[in-house]
Every structure is written in C-alpha cells, then in structure tokens.
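J.: This is a predicted model, with the sequence first.
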Amino acid sequence: MVRERLDGDGPLDLRQMCADYGNEYTAQLGRHEFHQMLATELTDLHHQKATLLANHADVALDFLRGQLDQLMAAVRDNRERIAGQPASADAALAAGKNAVADYQLVQGLIGRYVEIRAEHRRYAAGNRGAGGGVGAFGRPFDTVGEVARFLEVVPYWQQRRGTTPARNSTEPAIRAWFNASHAGAMQVDSYGNSSMNAVPANQWLLTVADNDPWLPDGDTIQRAYDFADQLFAPGRSYNRRTEIEMFWSHVANLAELGVTTDLPEPASA
C-alpha cells in the first residue's frame, strides 16, 4: 500500500502514509506470529502422536499377536485350499462355483494377513528405543519381522547364505548350514526383497504358518536383524577359531531373542 502511494501521481499525504505503513507492518507481524504458532502446534501434534504410538505400542502388538494366532489357525485349517488356489479370479470363475468360493476365502485370509502386518509395521517402528520412522525400518521389518525362522526361509537371507565365502568354512556344521541354502530356487529382486514381494502370496502364507510365525516389537526386530547381518560380514569365511566363536556367539544372541534355525548346538556348548 505504501509503495502504491509512492508510485502514484496524486499528492503525497505523509501522515496517512505513516499510518498506513504502521498498519501494514502490524498486519505482517500478525501473519508471521500466526504462522509461527501454527507451525508450533503442528510440531506438538506430531510429537504427541509419536508419544502416543510409542506408549500404546506394546498393547497394540499384544492384540495383533492374538489376531495373528487366530489367522494362522485358519490358514492351517485351509491348507489345501490355499495351496491349490487358482492363479487369478478369471481362472477361478472358469473352474466353477467351488473354485470361486475357495478363491474368495484364500484372498480374504491373505488380505487379513496384509492388514495385520501393516499395523505391526506401524507399531513396531513406533516403539523402537532407537527411534526412526517406518522408512528407516523397512529392510529389518521385511526380512525379520514375519517368522522366527527367517534365516531358513526368507529369500533375502537364503540369497545371502548361498553367496557367501562362509560356504567354504573349515567348521563342518557352519559349512553345511550355509550350503543348505535354497537360494538357487528362490525369487529375489535386485534389492534382495523377500516375502510376499518375491513369493506368490498364497505360498508365502503357508510358509509363514509353517515356520514359527511371530510378531516381535521394534527393538527385537532391529536387534535380530543386526545379529543376523553380522553372520554375513564381508570377508568372513569362518576358517579361524575367533571367527567361528563369533559365529556361535551371534547364533546364541539370536536364540535369546526367539530366533530359530536348523543349526546344531556348537560342539563347545
């Protein structure tokens, strides 16, 4: 407004210009304070949401564990239907009424599993002591969060087991375990993604049901991932005693978290 007065052709009223300038300045201050207040409120809401998520995560995860147990019981009861699910809705329609009913049932079970894991991811990411959002939690959750036997069946870990120098370890039990990987038969994308991204959903549902399904909290997932990752540290061949002892130490740490494997007890145990 003041600039318009200066650029205009009419006579200047300095008193009015000063008043207009003061009003404009006050309005700008008011807008600035409003935006600052709004930003503060949004930040506070974000922190409150994060706090609520963390405080109630344990209760939510316990509830989800019960839901997962019920779902896995239904999966086991319908094993044949799940294994024989038609490849598509069109294939089910072509196969007849019973096939359509089976297809719908299986899709319902898969959909429920996806829902449970989505909530699991949200609460597990929120209750990690180390903090971090869902995005930073992606790899650990995707490769550890679904079954306690993840080292035995998740394609990501199978791939790592099948492509490590440890397959030539001088320790027989370790060498046999790494070489028992089914990596060659697995479908793994360029990022090593596993689970339902690499295996047909109905097959993965049965795999979960048969391999100690679990629903750990965020800290357990992160710690399990870190210990498992150490088994595949670059250059580790497990030919030296110190390396071999380290391997069994990591396996023991995993067992304490509830992770199960096909590894035997170490000879020194």
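T.: Arrived safely, thanks for sending.

J.: got the contact list for the nearest residue to R65 once chain neighbours are set aside?
T.: Once flanking residues are discounted, R65 sits nearest to L215: 4.7 Å by Cβ to Cβ, 6 or more residues apart in numbering. All C-beta atoms are positioned from the backbone trio N, CA, C, and that covers glycine. L215 makes contact with 61, 64-65, 68, 116, 120, 145, according to Cβ atoms under 8 Å, 6 or more residues apart in numbering.

J.: ok, A101 - how many residues close by?
T.: A101 sits with 12 neighbouring residues when counted by other Cβ atoms under 10 Å.

J.: Just the element for it, please.
T.: Taking DSSP states H and E as the definition, A101 sits inside helix 97-126.

J.: Enumerate the positions of that helix that are buried.
T.: Neighbour counts over helix 97-126 (16 or more other Cβ atoms under 10 Å) mark 99, 102-103, 106, 109-110, 112-113, 116-117, 120-121, 123-126 as buried.

J.: on that earlier part again, got the contacts of L215 as TSV, with pLDDT and secondary structure columns?
T.: Output for those, formatted as TSV (pLDDT from 0 to 100; DSSP: H, G, I helix; E, B strand; the rest coil):
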residue	pLDDT	secondary structure
L61	92	helix
L64	95	helix
R65	96	helix
L68	96	helix
I116	95	helix
H120	94	helix
G145	96	coil
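
J.: Dump the residues you listed to CSV, plus distance to Y225.
T.: Converted to CSV, these look like this (distance: Cβ to Cβ, whole Å):
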residue, distance to Y225
L61, 17
L64, 19
R65, 20
L68, 20
I116, 20
H120, 15
G145, 9
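
J.: Would you agree L263 is in contact with V251?
T.: Yes. Between L263 and V251 a contact is recorded at 5.9 Å, counting by Cβ atoms under 8 Å.

J.: And these two? Which one has more around it.
T.: Using other Cβ under 10 Å as the criterion, L263 and V251 rank with V251 on top: 21 against 18.

J.: remind me which residues of the stretch 151-269 of the chain are low pLDDT?
T.: Filtered on pLDDT under 70, the stretch 151-269 of the chain yields the residue ranges 183-198, 266-269.

J.: List the contacts of the residue nearest to G235 when sequence neighbours are not counted.
T.: In space, G235 comes closest to P165 once its chain neighbours are excluded; the distance is 7.1 Å by Cβ to Cβ, 6+ apart. When contacts are counted by Cβ under 8 Å, 6+ apart, P165 is found next to 235-237.

J.: L254 now?
T.: L254 neighbours (Cβ under 8 Å, 6+ apart): 151, 224, 227-228, 261.

J.: domains in the chain, as residue ranges please.
T.: Structural domains assigned to the chain are 59-128, 141-268, following the TED database.

J.: Deepest in the core, which of those is it.
T.: Of all the domains of the chain, domain 141-268 has the most neighbours on average by mean count of other Cβ atoms under 10 Å, namely a mean of 18.

J.: quick one: contacts of stretch 229-242?
T.: 151, 160-161, 164-166, 168-171, 174-175, 243-244, 246-247, 250-251.

J.: now the helices: where do they sit in the stretch 151-269 of the chain?
T.: Taking DSSP state H, counting those that start in this stretch as the criterion, the stretch 151-269 of the chain carries its helices at 155-161, 172-179, 201-210, 218-230, 241-256.
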